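**Q** predicted model and sequence below, questions to follow.
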Amino acid sequence: MKFHILTLFPEMILQGLRPGIIGRAAEKGIISLNAVNIRDYTEERHGKVDDYPYGGGAGMLLQAQPVYVAHRAVTGGRRVRTIYMTPQGVPLTQKTVRELAGEEELIFLCGHYEGIDERVLEEIVTDSISIGDYVLTGGELAAMVVIDAVSRLVPGVLGNEDSPEEESFFNDLLEYPQYSRPESWHGKSVPAVLLSGNHREVAAWRLEEARKRTALRRPDLYERYQETQRLIRQLSKDKRNNIHMMESLARGKGEILYADAGNGMKNAAIYDGSCRTAMLTAGDAGSGRRLAELLPAETERVLVSQAFLEEILEEKQYRPSCRYRQVLYPQRTVLPVKHKDIRRLGMESYEYVCARYCDGTGDAGRQGEARRTGVNRQYVKERILAGAVYGIFVEEEPVGFGGYHADGGLGMLYLEENSRRKGLGTSLEAYIINRMLERGWIPYGHVEADNMPAMGLQEKLGLYFAAKTYCRMEKTLANEGQVC
């Protein structure tokens, strides 16, 4: 992730962001911070960048020319999402933060004085964001707030795959109370359940405390949480076919675009902005067309199980990329893992995975070799940095890997040819399923309908199959090869 900040005070940005977690991520090359001094691009020989506003009024205004030229110096004419930090902007939310974290590059424009000439804002700004209903002396502090919030969702920044998913605003609930040593302090004791060692009871206590805290402090969030839970309960009546939508909502990834939960759950549209994927189900073609109109413009792929939805989406320039069966493991019992040398992979395994991973039309085991597009390689990097790829080893040598995709589904499974039919694939997928169970997820995945070896593996592990066959529709203009 690249951050460019157009500012009059670049040292303020760098001094504010370089210490701590964000600075360490920059040193590792996971993110980059480019503070651009607007004064360097003025045509005024004394470095002046402001002037009096037309029509009178107190204060000075940043001129259009130096801002525009500074922006062009960063973009080179490319279209890059540019955020103007202003009290007049849209209030910052975690949903916006997640959306911004999906970008590869962002530009922040920091205003000063009484603002910036409106003409250049119209020319370069794509988003106006506010961090609150108050006024600061400049946009630098606000920009740093957004950069901090976005950076911590970039894979690899926190170094702990669980951290960003178990805190405030996850799934519309505030974070539960936290306690550390000593057990008793100022006459107050740590709740007994947290000392019990019973992980299931601890999880239940934390969820209940999060609900209580959210209902008390943020009733608006709690109402949204309840709406999501109502929809999950409706979807659970056909769990095998709807598990992808249920888990997207339960993990706080999916946004409800539409749902008629009171009408037998015939029509629903859910969108996951983190991987620009929508999931649709409709009672008839008319309802399907209305749901298709709700898709965000940036939607790159849509998952459907009805032929009429495929036809509707083709009219909107989406094309079928693969058909698959949906599988899920609804039990809470961990699976046996016979082969023990399975580890989470780091970037030292990046080239190994890239050389073997293939998306879109099947796994690398069936295709023989990866389609080495730049997008594939970027996706592999993101999944490794997210801690979502695991390798299986024999005598310290890697013989395969697997993991879960950005949408949360099992996938990326690959085994070397001479390591197949030895139970290694069973151990690897069982291990990944167990890791997902530890996080409170219901493991699920998508298997190509004609991939009989993969189908057999799912049956061997005890996964259930959905009755419907699903189609992944890819937007024609989207980068070919990108997956979710």
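**A** Everything's here; your move. Keep in mind that this is a model prediction, so the values were computed, not measured.

**Q** what's the closest non-adjacent residue to residue 53?
**A** residue 61 (4.6 Å; C-beta to C-beta, 6 or more residues apart in numbering). C-beta coordinates here come from the backbone N, C-alpha and C atoms, glycine included.

**Q** so the one you found sits against residue 113, correct?
**A** Yes: applying C-beta atoms under 8 Å, one finds residue 61 in contact with residue 113, separated by 6.1 Å.

**Q** okay, these two: which has more neighbours?
**A** The neighbour comparison of residue 61 against residue 113 (other C-beta atoms under 10 Å) goes to residue 61, with 20 against 17.

**Q** so what's residue 206 up against?
**A** residue 176 (C-beta atoms under 8 Å, 6 or more residues apart in numbering).

**Q** quick check: pLDDT value at it.
**A** Per-residue pLDDT puts residue 206 at 93.

**Q** give the helix, strand or coil label for it.
**A** Secondary structure, DSSP: H, G, I helix; E, B strand; the rest coil: residue 206 is helix.

**Q** mind listing what the residue nearest to residue 53 touches?
**A** So residue 61 contacts 50, 51, 52, 53, 113, 114, 115, 116, 117 (C-beta under 8 Å, 6+ apart).

**Q** go again using 10 Å as the cut-off
**A** 49-54, 111-118 (C-beta atoms under 10 Å, 6 or more residues apart in numbering).

**Q** residue 112 too?
**A** 7-9, 38, 49-50, 59-62, 136-140.

**Q** so what's it bridging to?
**A** residue 138 (DSSP bridges).

**Q** now the residue nearest to residue 53: how far from residue 88?
**A** Going from residue 61 to residue 88 by C-beta to C-beta, to the nearest Å gives 15 Å.

**Q** ok, now residue 247?
**A** 38 Å.

**Q** the more surrounded of those two?
**A** residue 247 (22 against 9).

**Q** about what we covered before: which one of the contacts of residue 112 is nearest to residue 205?
**A** residue 136 (39.7 Å; C-beta to C-beta).

**Q** surely that closest one meets residue 85?
**A** Yes: counting by C-beta atoms under 10 Å, residue 136 touches residue 85, with 8.6 Å between them.

**Q** now do the shared contacts for those two.
**A** Common contacts of residue 136 and residue 85 (C-beta under 10 Å, 6+ apart): 110, 111, 142.

**Q** tally of neighbours for the residue nearest to the second one when sequence neighbours are not counted?
**A** Using C-beta to C-beta, 6+ apart and skipping the chain neighbours, the partner closest in space to residue 111 is residue 139 (4.8 Å). Using other C-beta under 10 Å, residue 139 has 28 neighbouring residues.

**Q** my guess is residue 139 meets residue 116, correct?
**A** Yes: counting by C-beta under 10 Å, residue 116 is a contact partner of residue 139 at 9.3 Å.

**Q** intersection of neighbour lists for those two?
**A** Going by C-beta under 10 Å, 6+ apart, residues that sit against residue 139 and also against residue 116 are 6, 84, 86, 109, 110.

**Q** buried only: go through those residues for me.
**A** Neighbour-count burial (16 or more other C-beta atoms under 10 Å) is assigned, among the shared contacts of residue 139 and residue 116, to 6, 84, 86, 109, 110.
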